[in-house]
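In: using only what follows, build the 3D model:
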Amino acid sequence: MNNSIILASGSPRRKQLLEQIDFSFQVVPSQVNEDFSIGLNPPGFVEHYAKAKALDVAKGYPDQFVVGADTVVVFDGNILGKPKDRDDSFRMLSSLSGQTHSVYTGVSIQCLSSGVDDTFHGKTDVTFNTLSDNDIFYYIDTYQPFDKAGSYGIQDWFSVCVDRIDGCFYNVMGFPLSLFYRHFSAHIK
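Out: Residues are numbered from 1 along each chain as shown. Prediction:
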C-alpha cells in the first residue's frame, strides 16, 4: 500500500509488522508518555494513549495518515506496563506464571485534513506455563525485556513459556494486524 502513512511509534515490532503486510510508511515516534494513574479501564487506557500518540505526531503531518498504538498487559485487574528494572521484570513474570492474563492494544488512525479519527482496540488472552525462577532469570538476563509490556515478547524465546492464546497473536506483539487492516482499508476506498 502506498498511501502516505506515518507510524507514531518507535517500536521495532510494530515497524516489522507493518512491513510484513507490505505497507510503505515512515516512523516518527510520538513524545507522549503514559500516566498509569489516569484511572481508565484497560480498553479506555490503550485507546486514550494510542490516540494521544497519533495526534501528537499528526499535528506536524496534517495531510498524512498517522497511526498510533499502545499495548498493556492486564492481570488481576492491574495494568502492567513496561518493567522499570530487573526486579520489576521478575515480579511481573512471576505473577503471570501459570496464569491467564489479557493483552490490550489500542490503535488510532488519524488524518487531520480529511477528518479521519478512528480509534479501536484488540484483546488477546494469554496463558503461561508455570515458570521456574531459573527460566525467568534466564529470559530477563538474555533478552532484556524492559521495552515490553508485561516484560515478555511472545515472538522470542519466551514463546516456550506460553501454553495458549485466545485471540490475535500479533496483538500480543503490539499491533493487531487484521483489525488494523480492516479499519485502515475503510478509510482509503
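
In: average pLDDT across the helix or strand harbouring residue 57?
Out: Using DSSP states H and E, residue 57 falls within helix 42-58. Per-residue pLDDT over helix 42-58 has a mean of 97.

In: kindly check the end-to-end length of stretch 98-117 for me.
Out: 39 Å (C-alpha to C-alpha, to the nearest Å).

In: who are the packing partners of the helix holding residue 57?
Out: Using 3 or more C-beta pairs under 8 Å, 6 or more residues apart in numbering; DSSP states H and E as the contact test, the elements touching helix 42-58 are strand 65-75, strand 100-111, strand 116-128. Glycine gets a C-beta too; all of them are placed from N, C-alpha and C.

In: in a markdown table, list these along with distance to residue 25, mean pLDDT and mean neighbour count.
Out: As requested, the helices and strands packed on helix 42-58 are exported to a markdown table (distance: least, C-beta to C-beta, whole Å; pLDDT from 0 to 100; neighbours: other C-beta atoms under 10 Å):
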| stretch | distance to residue 25 | mean pLDDT | mean neighbour count |
| --- | --- | --- | --- |
| strand 65-75 | 8 | 96 | 25 |
| strand 100-111 | 12 | 98 | 24 |
| strand 116-128 | 15 | 98 | 19 |
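
In: and these as a markdown table, adding distance to residue 161?
Out: Shown next, in a markdown table, are these (distance: least, C-beta to C-beta, whole Å):
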| stretch | distance to residue 161 |
| --- | --- |
| strand 65-75 | 14 |
| strand 100-111 | 12 |
| strand 116-128 | 6 |
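
In: for residue 89, find the nearest of those strands.
Out: Evaluated over the helices and strands packed on helix 42-58, closeness to residue 89 peaks at strand 65-75, with 12.1 Å, by C-beta to C-beta.

In: which neighbouring elements make contact with the closest one?
Out: Judged by 3+ C-beta pairs under 8 Å, 6+ apart, strand 65-75 is in contact with strand 5-7, helix 42-58, strand 78-80, helix 86-96, strand 100-111, helix 177-187.

In: cutoff 7 Å now
Out: Under the contact criterion of 3 or more C-beta pairs under 7 Å, 6 or more residues apart in numbering; DSSP states H and E, strand 65-75 touches strand 5-7, helix 42-58, strand 78-80, strand 100-111.

In: identify the residues contacting stretch 21-34?
Out: With contact meaning C-beta atoms under 7 Å, 6 or more residues apart in numbering, stretch 21-34 is reached by 1-2, 5-10, 15, 18, 49, 52-53, 56-57, 68, 81, 177, 181.

In: show me just the buried residues among those.
Out: Buried members of the contacts of stretch 21-34, scored by 16 or more other C-beta atoms under 10 Å, are 5-9, 15, 18, 49, 52-53, 56-57, 68, 81, 177.

In: cool, thanks, signing off.
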